[in-house]
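**Student:** Any chance you can model this:
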Amino acid sequence: MATPYVTHRLGEVNSTQDEARRRASGDGAAETILVVADRQTSGRGRSGAAWVQAPRAMSASLSVHPPWEQGQWPLVPLAAGLAARRALREVCEVAPGLKWPNDLVLPTGKVGGILSEASGPVVVVGCGVNLWWPQPVDGAAALYEDDPGDGIAGDVAHAWADELLATLERPAGAWGLDEYRTACVTLGTEIVWEGGIGRGNGRGVAVDVASDGALVVAVGDGTIALRSGSVRSIRPASLPHLHPGDRGAESS
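**Tutor:** Residues are numbered from 1 along each chain as shown. As a prediction, this is how the structure comes out:
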């Protein structure tokens, strides 16, 4: 049974991340808080990137106290991406691919992403999903061709929170690495990265995801491990074609 949490459904906020963190730090705050907003005015992605929101989107952030050792917290964003994939399969009948470390992608483009920020004993995990977007920006896509209405965002948010909390209750070694590897469209593709501690710039083929969440890349006669934030560019992967009437891109 997943840990109970308090939900705050809001019309508009600057950032669900900031709102979840603020509410989690207040006097008498519940240990686990889910903030769901219809619109963010200052949403952000990983590494401070701006998050451009679709006209109909799911924007949610969950404040949690992970029971895992702090050294295992880098796995939380990957687990959150996998939880989002499961939630979308359950609610929307779509199972996007996972672009390492935690972007949600369809053949038409990116439909969602995860942002994880730790502060003391609390980790605030954000999830954004484009539900409907008639004219998406380059590289982006949405799950629905027609507006599904405002009710589905809450359903997706709660399904995602339930999945993530249930995952965090398991040992860190059992969060779903094999399932993640199966769903990861980055594996088997050529990637280009820029920067990263001690890595400089480079190119190689992604061959595995390690137990600590690092992306294992074949370069020359050996391999290196890249961690979240090191990869700046990933070449588009070849994703399964979605046939009419089949909204799933099942990999697991």
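
**Student:** quick one: Lys110 and Asn102 touch, right?
**Tutor:** No. Counting by Cβ atoms under 8 Å, Lys110 does not reach Asn102; the two are 11.2 Å apart. C-beta: built from backbone N, CA, C; applies to glycine.

**Student:** what's the helix or strand for the residue lying closest to Val217 once chain neighbours are set aside?
**Tutor:** The shortest distance from Val217 to any residue other than its chain neighbours is 4.0 Å, reached at Gly204 (Cβ to Cβ, 6 or more residues apart in numbering). Gly204 belongs to strand 202-209 when elements are defined using DSSP states H and E.

**Student:** Ok, Val216 next?
**Tutor:** Short version, using DSSP H and E: Val216 is in strand 215-219.

**Student:** Could you report the pLDDT at the residue nearest to Val217?
**Tutor:** Note on Gly204: pLDDT of 90.

**Student:** next one: Ser116
**Tutor:** Predicted confidence (pLDDT) for Ser116: 94.

**Student:** And the one 3 residues further on, by the same measure?
**Tutor:** Confidence at Ser119, expressed as pLDDT, is 87.

**Student:** Look at it and say how many residues are nearby.
**Tutor:** The local packing of Ser119 (other Cβ atoms under 10 Å) involves 11 other residues.

**Student:** right, and it touches Arg21 too?
**Tutor:** Yes. Here Ser119 reaches Arg21: they are 6.5 Å apart, a contact under Cβ under 8 Å.

**Student:** Could you tell me which residues touch both of those two?
**Tutor:** Common contacts of Ser119 and Arg21 (Cβ atoms under 8 Å, 6 or more residues apart in numbering): none found.

**Student:** Tell me the secondary structure at Gln135.
**Tutor:** coil (DSSP: H, G, I helix; E, B strand; the rest coil).
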